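S.K.: 3D model of this:
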Amino acid sequence: MTTTAASDRTHRTPYRVREAREGAPAAVFVHGWMVSGRVFDALVDALPEARAIIPDLRIATTSVSAAAPSTSLDELATDVLGVADDAGAERFDLVGHSMGGQIAALAAAAAPSRVRSL
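M.R.: From the prediction side, this is the model:
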């Protein structure tokens with residue numbers, strides 16, 4: 001898996017990409033509060049046909065100390081879309097776990113033409 005980070009003017013969101021065959025559909029996996037994208041490792045391993053994009057949002061156990069206390073769900077949804085942009089995913093599926101489901105739904109609402117499924 002490739003690891004990199006998407007950034008805007010104020011925040012960097014680290015993420016991993018597990019590539020699949022050329023033209024494979026992309027899926028962005030959004031974790032919940034106090035866990036990281038690693039929560040999806042077994043699921044991603046079971047889906048070899050998908051290009052997996054797995055961010056570690058600022059609410060992750062690995063980055064929670066850097067999260068501003070006022071980080072909103074809308075800001076996290078913007079981070080998810082920024083990761084998709086940085087990874088070159090124009091259209092993608094969103095998979096959310098726990099609070100990540102709320103974040104994924106907000107990302108889908110903000111960019112409905114980009115999201116194939118939620």
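
S.K.: contacts and neighbour counts: CA atoms only from here.
M.R.: Fine.

S.K.: quick one: residue 23 and residue 96, what's the gap?
M.R.: Residue 23 sits at a distance of 23 Å from residue 96 (criterion: Cα to Cα, to the nearest Å).

S.K.: between those two, who's got more neighbours?
M.R.: Remark: of residue 23 and residue 96, residue 96 carries more neighbours, 18 against 8, as counted by other Cα atoms under 10 Å.

S.K.: Next, the contact list for the residue nearest to the more buried one when sequence neighbours are not counted, please.
M.R.: The shortest distance from residue 96 to any residue other than its chain neighbours is 4.6 Å, reached at residue 30 (Cα to Cα, 6 or more residues apart in numbering). Counting by Cα atoms under 8 Å, 6 or more residues apart in numbering, residue 30 touches 37, 54-55, 80, 94-97, 100-101, 103-104.

S.K.: Just send the residues you listed back as CSV, with distance to residue 18 and pLDDT too.
M.R.: Formatted as CSV, these follow (distance: Cα to Cα, whole Å; pLDDT from 0 to 100):
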residue, distance to residue 18, pLDDT
37, 12, 94
54, 8, 96
55, 12, 95
80, 16, 96
94, 15, 98
95, 15, 98
96, 17, 97
97, 19, 95
100, 19, 97
101, 21, 97
103, 21, 97
104, 19, 98
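
S.K.: Closest to residue 72 out of the residues you listed?
M.R.: Distance to residue 72, by Cα to Cα, is smallest for residue 103 among these, at 9.5 Å.

S.K.: got a list of what the closest one touches?
M.R.: 30, 73-74, 76-77, 96.

S.K.: Identify the farthest-apart pair in those.
M.R.: By the measure Cα to Cα, 74 and 96 form the most distant pair in these, at 14.6 Å.

S.K.: So residue 58: helix, strand or coil?
M.R.: coil (DSSP: H, G, I helix; E, B strand; the rest coil).

S.K.: and it, what pLDDT?
M.R.: With respect to pLDDT, residue 58 has a value of 87.

S.K.: Dihedrals phi and psi, it?
M.R.: Per-residue torsions, residue 58: phi -70, psi -10 (degrees, to the nearest 10).
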